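Asks: Take this sequence and fold it.
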Amino acid sequence: MNTIQIRLSFMMFLQFFIWGAWFVTLGTFLGNNLAATDGQIGMAFATQSWGAIIAPFIIGLIADRYFNAERILGIIHLIGAGLMYLMANTTDFTLFYPYVLGYMILYMPTLALVNSISFRTMKDPKADFSKVRVFGTVGWIVAGLAISYVFSWDSPQAIDQGYLENTFLLAAVASLVLGIFSFTLPKTPPKISKDETVSIKDMLGLDALKMLKDRNFLVFFIASVLICIPLAFYYQNANPFLAEIGVNNPTGIMTIGQVSEVLFMLLIPFFLTRFGIKKTLLIGMLAWALRYLLFAYGNSGELMFMLIIGIALHGICYDFFFVAGQIYTDSKAGEKFKSSAQGLITLATYGVGMLIGFWAAGQISTIYTFSDGLHDWEMIWLWPAGFAFVVFVIYMFTFKNEEIEYEKVDI
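Replies: The predicted structure follows:
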């Protein structure tokens, strides 16, 4: 690994360390430190979706036209460090929400910025990007392990004492470091001239809507939006669920999901070759239903193994649907629509799909909350399990299998 790759790897490590340091425990923090309702917790998580929806405008109007990508990355993370500090010191949800909304509107564009800096700096992105991107997953894992096993901020006693606010301070420090470090990254000037006209359709990738005329891709597109609804339940409820039922080191245990994500990523080429795109996607969707059934009937005692398996299924859930879906989208798009097609899928899934999902998770969690503030987790998890299974069945009977040339895809 050369010097450039090392610097890019450190950038990726910090980028996802920051996200993993506070986002995983956000629901637990809001419920315990700010006494937020399940509906309010859903609103907070939905800021990720609003950020995903607004991100193309920030990238298209500012980053791609006026400033070097590494500079705007640095500025955003410096501002983000300040917002993280404010969130750590907020004791009321009505004050917290504007901070987290502002943060996510700024953070979500940085996901595209770090990719842009990497792709435009590497001599051979197809060969080198995955080697650099994996350090982002490592960063997320390290953040979770630090919270659980180094600082123990998610232990029952620490949660009761409000120590989860420290996760925001940890993210603030990492954001400050990345903000400063970003200015040392390779120069990545704007791709578009200030005088060049870029339409909203171009920024949002709406040219790729023409792909929806293909029946198979339309079915895949709709399924992608729908499967993000049960996905939102995991992001929003998994950590509060584990903490509430008395699982020790819940944040650290959840990093098993990221480890499995790396492992199953390596198996995607095999599954695409052996089973084809339809069966690979179906395996991913079925895994969502199975994991939520395991959550519904597992516990922190003798059935703890069910929860561990459910968390470990994250690699199949995410890789076999979302990563395989990106490969499928790329293969269907052709050279003209490759970027816009990926942008459209991201907007539809992390934007629209998860926005609906976070709202639904908040509403269902509220319905199944007891008077003492505890939850009927069995019923809460059965809802996304059933929904994922319905999407699985519909997809199975409406999507026709087809061969794709995944070897030509940049992952």
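
Asks: ok, Ala361 touching Leu231?
Replies: No. Here Ala361 lies out of contact with Leu231, judged by Cβ atoms under 8 Å, at a distance of 9.8 Å. For the C-beta atoms, the positions are set from N, CA and C on the backbone; glycine is no exception.

Asks: Where does pLDDT dip in the stretch 301-411 of the chain?
Replies: Scanning the stretch 301-411 of the chain with the threshold set as pLDDT under 70 gives 334-340, 405-411.

Asks: hmm, 50 instead?
Replies: Under the criterion of pLDDT under 50, the regions of the stretch 301-411 of the chain flagged as low confidence span 407-411.

Asks: And the helices in it?
Replies: With helices called from DSSP state H, counting those that start in this stretch, the stretch 301-411 of the chain shows them at 304-312, 314-318, 324-346, 354-367, 377-398.

Asks: The nearest residue to Phe321 once chain neighbours are set aside and Asn237, how far apart?
Replies: In space, and not counting its chain neighbours, Phe321 is closest to Gly284: 3.1 Å by Cβ to Cβ, 6 or more residues apart in numbering. Note on Gly284: its distance to Asn237, by Cβ to Cβ, to the nearest Å, is 20 Å.

Asks: again with Ile380
Replies: In this structure, Ile380 and Asn237 are 7 Å apart, going by Cβ to Cβ.

Asks: who's more crowded, those two?
Replies: Neighbours around Ile380 and Asn237, counted as other Cβ atoms under 10 Å, are more numerous at Asn237. The numbers are 28 against 23.

Asks: Surely Leu294 and Ala312 touch.
Replies: No. Counting by Cβ under 8 Å, Leu294 stays clear of Ala312, with 9.7 Å between them.

Asks: Common neighbours of these two, please.
Replies: Here Leu294 and Ala312 have no joint contacts, going by Cβ atoms under 8 Å, 6 or more residues apart in numbering.

Asks: List the contacts of Ser155.
Replies: Taking Cβ under 8 Å, 6+ apart as the test, what Ser155 contacts is 248-249.

Asks: Distance check, it against Trp140.
Replies: Between Ser155 and Trp140 the distance, using Cβ to Cβ, works out to 20 Å.

Asks: Gln5 now?
Replies: Spatial separation of Gln5 from Trp140 under the definition Cβ to Cβ is 19 Å.

Asks: higher neighbour count, those two?
Replies: For Gln5 versus Trp140, the count of surrounding residues by other Cβ under 10 Å is larger for Trp140: 25 against 18.

Asks: Not counting its neighbours along the chain, what's nearest that one?
Replies: Beyond its immediate neighbours in the sequence, the residue positioned closest to Trp140 (Cβ to Cβ, 6+ apart) is Gly20, lying 3.5 Å away.

Asks: Hmm, Ile141 and that neighbour touching each other?
Replies: Yes. The pair Gly20 and Ile141 qualifies as a contact (Cβ under 8 Å) at a distance of 7.4 Å.

Asks: okay, now Thr91: neighbour count?
Replies: Under the neighbour criterion other Cβ under 10 Å, Thr91 is assigned a count of 11.

Asks: now do Gly246
Replies: For Gly246, the tally of surrounding residues (other Cβ under 10 Å) stands at 11.

Asks: Repeat that for Leu83.
Replies: Under the neighbour criterion other Cβ under 10 Å, Leu83 is assigned a count of 22.

Asks: Toward the C-terminus, what is the element adjacent to the helix or strand hosting it?
Replies: Secondary-structure assignment from DSSP states H and E places Leu83 in helix 69-88. On the C-terminal side of helix 69-88, the closest following helix or strand by DSSP H and E is helix 93-121.

Asks: and the helix or strand following that next one, what other elements does it pack with?
Replies: On the C-terminal side of helix 93-121, the nearest following helix or strand under DSSP H and E is helix 125-145. The criterion is 3 or more Cβ pairs under 8 Å, 6 or more residues apart in numbering; DSSP states H and E, and the helices and strands that helix 125-145 contacts are helix 3-23, helix 93-121, helix 250-265.

Asks: Good, wrapping up.
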